[in-house]
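>>> Pasting the sequence and the predicted model now:
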Amino acid sequence: MNNGITFSVNTVRFDEHYVPADHTRITTNFANLARGESRQANLRNTLAMVNHRFNELAHWDNPNGDRYSVELDILSVDADIEGKGETFPIIETLKTTIHDRLNDQRLEGMVGNNFSSYVRDYDFSVVLLEHNKDKEQFSIPDNFGDLHGKLFDSFIHSSTYREHFSKPPVICLSVSSTKTYHRTENYHPILGVEYRQDEFSLTDHYFAQMGLKIRYFMPPNGVAPLAFYFRGDLLSDYSNLELISAISTMETFQRIYRPEIYNANAAASKCFQPSLDHQDFSLTRIVYDREERSQLAVQQGRFTEEQFIKPYQRVLDQWASDYTI
């Protein structure tokens, strides 16, 4: 394995006092909530939703439904491409810590959860759009996501990752509104009922480039399956509380950002096609501008092109050609 890039990790607590850093992708879930007049109420209500869902799922030895609280830290990963101390923020993700109030212990939760990347913005909002400009039939460019996948893999295998985290990340996202999901008979006590689909989405293929496998589960009392991206064995490598920390955190974000799917008033059927045009759903009390978020993705893709791809093009091409996953 070739690894000439060095990484550093900065941590910021996500709480009601959180203020996004200057280099934070402003389309990121947590950053979007922390702006405007409603910022503090947004953050407070989001954390309350996470804690409520966690205690609902971790119900054993928890008669009052208040034994646990979840602490969220935003992890910003910077890459130094040439070893000159000049870095570019390539990944933002979340780490959960579980506070067991009964025993006054803090337990490791899941690392991963949300996943944010400037390079992904570049791939989807610049490369993919330009490749399909004026084309009648949609297609994917050769080597689409190759650089991004190798950057992610390099970080996961780096000494920096090992110093900070004991297990591989699990990323939890929304299912695709362009695919149909079928309920299976497989049921996990924490993850819930498993769904499968006949064809992977573009996001699924993109995360496969990162060395991640995919399974879809609808947790107990949930209304739609979540997409879990992972390495290893999702069902065996993580404790029940680690899995619950990922579900409670990311289901909360999805209820805010995709209420048509994750805050619907009826649960997903056996044959389920998610739709953002669905009308039978409830809104949370959290303010969010989805249209602004989609517009900003293009701006941030262009920013990545100018500040990262073009300046380091030759070095990145050589590094990627030498790197093997």
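Alright, I've got the coordinates.
>>> okay, which residue is most central for the protein?
N114 (2.4 Å; C-alpha atoms, centre = their mean).
>>> Parallel or antiparallel, list what pairs with the helix or strand hosting that one.
Taking DSSP states H and E as the definition, N114 sits inside strand 105-116. The strands that strand 105-116 pairs with in its sheet are strand 87-100 (antiparallel), strand 170-174 (parallel) (by DSSP bridges).
>>> got the buried residues for the longest one?
Which is strand 87-100. Burial within strand 87-100, assessed by neighbour count using 16 or more other C-beta atoms under 10 Å, is assigned to 88-100. C-beta here means a position set from N, CA and C on the backbone, and glycine is covered the same way.
>>> Sketch out the low-pLDDT regions of the chain for me.
Along the chain, the parts satisfying pLDDT under 70 run over 1-3, 21-38, 287-295.
>>> quick one: the strands in it?
Taking DSSP state E as the test, the strands found in the chain are 6-14, 68-80, 87-100, 105-116, 170-174, 181-188, 192-196, 213-218, 226-230, 271-272.
>>> Same list (these) but as a markdown table, adding distance to T252.
Output for the strands of the chain, formatted as a markdown table (distance: least, C-beta to C-beta, whole Å):
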| stretch | distance to T252 |
| --- | --- |
| strand 6-14 | 12 |
| strand 68-80 | 10 |
| strand 87-100 | 11 |
| strand 105-116 | 10 |
| strand 170-174 | 11 |
| strand 181-188 | 20 |
| strand 192-196 | 16 |
| strand 213-218 | 15 |
| strand 226-230 | 11 |
| strand 271-272 | 21 |
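>>> What separation do you get for the nearest residue to E86 once chain neighbours are set aside and N265?
In space, E86 comes closest to D80 once its chain neighbours are excluded; the distance is 6.7 Å by C-beta to C-beta, 6 or more residues apart in numbering. Using C-beta to C-beta, to the nearest Å, we find D80 at a distance of 49 Å from N265.
>>> for H164, same thing?
H164 sits 41 Å away from N265, going by C-beta to C-beta.
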